[in-house]
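Undergrad: Dropping a prediction and its sequence here:
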Amino acid sequence: MNKTDPAGALARMLGGYGAKQADNINVALPCKVITFDPVTLTASVQPLLKLSAAAPAQIMSVPVSGQKFKFELDIGNGLREFETIMRPALEPGDTVFVVCADAEIRKTLTGRVAAPDSVRRHSRMDAVIVGVMPCSL
């Protein structure tokens, strides 16, 4: 007769379930740019982390964040404040860092507070490119 430790079996089962659930949570990942549209500021990217036997699927229409800076220059008659917007200039093959939002972001891309249309959490469908990795600079 085989005696099984019920507590040990339950711990193994719950551990496996927890690991499977954790695999469905996306936080941030390095990706390779496949295409970039400078007009819409969106890109298609290929995740570079292979976490299963299958190759990771591309993520399409990922918004790309830019930068907005204010700076002061002394142009001879005192300091003057200037503002500039830095638009991204990605190229296919660039390695970027992608962050997955806590909830669906589609409605918030207008700059307004909005409730999400779905219950998605940490989905690659709500990814945003936040920067270029050092290997591509």
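TA: Thanks, I have it.

Undergrad: Figure out the helix or strand that the closest residue in space to residue 117 that isn't next to it in sequence lives in.
TA: For residue 117, ignoring the flanking residues on the chain, the nearest one in space by Cβ to Cβ, 6 or more residues apart in numbering is residue 104 at 6.0 Å. Heads up, the C-betas are built off the backbone N, CA and C, glycines and all. Per DSSP states H and E: residue 104 is located in neither a helix nor a strand.

Undergrad: so what's residue 104 up against?
TA: Counting by Cβ atoms under 8 Å, 6 or more residues apart in numbering, residue 104 touches 116-118, 120, 123, 125-126.

Undergrad: Grab the two from those residues that are most spread out in space.
TA: Among the contacts of residue 104, the pair separated by the greatest distance (Cβ to Cβ) is 117 and 123, at 12.3 Å.

Undergrad: just the strands in this protein please.
TA: Ranges of strands within the chain are 28-37, 42-47, 59-63, 67-74, 79-86, 95-100, 127-132, based on DSSP state E.

Undergrad: Nearest to residue 110, out of those strands?
TA: Each of these was checked against residue 110 via Cβ to Cβ, and the shortest separation belongs to strand 59-63, namely 11.8 Å.

Undergrad: So which elements touch the closest one?
TA: Counting by 3 or more Cβ pairs under 8 Å, 6 or more residues apart in numbering; DSSP states H and E, the packing neighbours recorded for strand 59-63 are strand 42-47, strand 127-132.

Undergrad: who does the first one pair up with?
TA: What that stands for is strand 42-47. Strand 42-47 pairs in its sheet with strand 28-37 (antiparallel), strand 59-63 (antiparallel), by DSSP bridges.
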